[in-house]
Structures are given as structure tokens and as C-alpha cells.
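1. return atomic coordinates for the entry below.
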Amino acid sequence: MTLTINRLGGALGAEVIGLDLTREPANEDMDRVHQAWLDHGVLVMRDQQITAEQQLTFARRFGTAAPHHLNPNRHPDHPEILVVSNERRKDGGGTRGSGQHWHSDYSYLEGRSSASILRALQIPSVGGDTMFANTYRAHDALSETMRGILSPLTITYDYSLVYQRYYKGRTDRVQLTDELRAKAPPSEHPIIEAHPETGRNVIFFDPTYANAIVGMEEAEYTAIFRFLTDHLTRPEFIYRHHWKPYDMVMWDNRCTIHCAVSDYDDAERRHLNRVTVTNSHAAH
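-> Residues are numbered from 1 along each chain as shown. Now for the predicted structure:
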């Protein structure tokens with residue numbers, strides 16, 4: 001079946017029709033998917049009733065599948081897969097409430113991620129959408145003056161901030177040990193940078209893990225953080241995905257930020273499997 005790429009929103013997002021991942025896709029089909037991912041930032045592939053291994057195989061065609069450092073939330077048979085679920089594990093932990101604030105996966109690492117590939121297994125009857133914002137468009141909408149202000153600036157990122165800001169007192173979260181801190185030490189990234197594959201400039205800013213701007217006082221960088229958060233999440237930059245069972249959504253962490261919408265009944269199960277890729281290359 002010939003692949004069809006249909007846009008889903010004005011800002012970003014496209015649906016890939018005709019991709020059957022129960023079989024090994026042809027190289028030319030993967031090339032089209034790769035280019036569509038670069039062009040649209042977010043790709044939706046419906047009704048992917050595939051195995052965890054097949055999801056992982058697809059992800060590896062775009063780069064290295066990078067295991068999340070929070071070991072207890074990994075898939076039991078495939079450590080590269082992060083289980084995103086509102087169901088508590090037997091030890092009381094889990095990922096309930098994860099991703100509800102705007103962020104980019106692995107932004108806090110020195111070697112950041114390129115793609116995330118999230119497949120829905122169980123979805124609540126109402127709610128539980130995911131929103132994506134286009135940081136190309138956010139960059140292009142800046143005034144020349146603001147670009148000049150932001151261009152020389154570098155932000156420090158720290159994974160532990162998510163615990164300080166959102167997980168205090170939570171008994172269902174993995175405890176942040178020194179060992180986990182060592183796996184995700186603080187890093188620095190410029191606010192404005194060129195996308196490594198397209199060459200287009202983006203704003204790289206993650207409000208969840210951003211700690212400070214190098215060389216600035218707190219009052220100064222707090223004002224810039226507030227501006228960046230408001231600017232990146234303007235409605236005209238956003239695509240909102242309404243999940244259906246077996247949807248698989250792939251996005252580019254280098255030119256988008258995203259957040260999960262926690263507006264669903266927690267008595268209903270929301271269970272998805274995510275693979276995050278680093279060292280992106282042309283699909284093959």
C-alpha cells in the first residue's frame with residue numbers, strides 16, 4: 001500500500017496512512033517517514049497493533065534506543081521501553097501524573113534525544129490528550145530584538161528539579177537517589193540553536209527542567225523563563241492529539257515540546273509504551 005502523508009494541524013503534525021509495522025517496511029517507505037517527521041515534527045500512525053519488539057525495531061531505524069534511567073518503569077522484557085501508566089506497580093511506584101508540564105524528553109542530558117515514539121495500549125474514554133508545540137514557529141515569531149537578546153544565552157538543566165517542583169511528598173515516585181542523580185548530571189544548552197538535521201533555528205527551552213541562565217541573576221532569568229513558556233505555548237503553535245487505542249505517535253524532541261493533559265478519570269487506565277531515540281540518522 002502506498003504511503004499517504006496528511007497534515008493534521010496548521011502548526012505541526014501529520015498522519016501517516018498505509019504504514020504496516022507488523023511487517024518490515026521498505027527502505028523507501030522509511031525514507032518518506034523520516035522526511036515527514038522532519039517536515040511536520042509530529043507523526044501519527046493509527047491502529048498499530050504491533051508487539052513491543054516491533055515498536056522497538058521501528059525506533060531503532062532512526063537511531064539508538066536509549067533506556068530511561070528510572071529502571072522500575074521500564075518494560076520487563078525490553079529495558080529500552082518506558083512504560084507510561086497511571087497504574088501503580090506492586091511496590092507502590094509508577095508514572096502516574098508524569099509529563100503534565102511542558103517539556104522535551106531527555107532535555108536535561110548532555111546528549112539529548114531526537115525522537116520519541118509513544119504507542120497507546122489503553123486509553124481513558126474521555127481526556128488524556130497530548131499537546132505539542134512547534135519551537136521552529138516560536139523562533140520565527142520572535143522580534144529581531146528578542147532574538148538578539150536570547151541568542152548568546154545558555155540555560156542549565158537539572159533532572160532533580162522535577163522532584164523539587166512537582167513530586168514533593170509523592171509516595172508513588174521513584175526516590176531520587178545519588179545513583180540516579182549521577183546518571184543524569186546537570187547540563188547546559190543554548191536557547192537558540194540550529195536543528196542538527198534541517199539546519200533551521202529553534203528555541204530550545206524546557207520549562208520543567210530549566211534551572212538558570214548562565215551569568216544571570218534569578219530575577220533576570222525568571223522573567224525570561226516566564227516569557228519563553230508563554231511564547232512557546234501560544235495556541236497557534238500547538239497540535240493537540242486525541243488518542244485512540246493503538247495510535248503510535250512519533251515526535252522530534254529537537255523542535256517540539258509537549259505535555260500530557262490530566263483531565264481524565266484516574267479510575268480508567270491510561271497505558272502507553274515509549275521508546276526514545278538518540279543519535280538520529282536517516283532511517284534505513
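2. number of residues surrounding Ile5?
-> Close neighbours of Ile5, defined as other C-beta atoms under 10 Å, add up to 16. Where you see a C-beta, it was placed from the backbone N, CA and C, and this is true even at glycine.
3. ok so it is a strand residue?
-> Yes. Under DSSP: H, G, I helix; E, B strand; the rest coil, Ile5 falls within a strand.
4. in the sheet, who's paired with it?
-> When assigned by DSSP bridges, Ile5 has beta-bridge partners Val16.
5. quick check: it touching Trp37?
-> No. With contact defined as C-beta atoms under 8 Å, Ile5 does not reach Trp37; the gap is 10.0 Å.
6. please, where are all the helices along this structure?
-> Assigned by DSSP state H, the helices in the chain fall at 27-40, 52-60, 135-140, 144-150, 161-166, 178-183, 218-232.
7. as TSV, the ones you listed with mean pLDDT, distance to Ile191 and mean neighbour count would be great.
-> Output for the helices of the chain, formatted as TSV (pLDDT from 0 to 100; distance: least, C-beta to C-beta, whole Å; neighbours: other C-beta atoms under 10 Å):
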stretch	mean pLDDT	distance to Ile191	mean neighbour count
helix 27-40	97	22	18
helix 52-60	97	28	18
helix 135-140	99	10	22
helix 144-150	98	5	13
helix 161-166	70	17	14
helix 178-183	76	25	11
helix 218-232	98	7	15
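8. dump those to TSV, plus distance to Tyr264.
-> Putting the helices of the chain into TSV (distance: least, C-beta to C-beta, whole Å) gives the following:
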stretch	distance to Tyr264
helix 27-40	26
helix 52-60	23
helix 135-140	27
helix 144-150	36
helix 161-166	18
helix 178-183	29
helix 218-232	24
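9. between the ones you listed, which gets nearest to Arg269?
-> Judged by C-beta to C-beta, the one of those that comes nearest to Arg269 is helix 52-60, at 17.2 Å.
10. show me what that closest one is packed up against.
-> Judged by 3 or more C-beta pairs under 8 Å, 6 or more residues apart in numbering; DSSP states H and E, the packing partners of helix 52-60 are strand 81-85, strand 115-122, strand 271-278.
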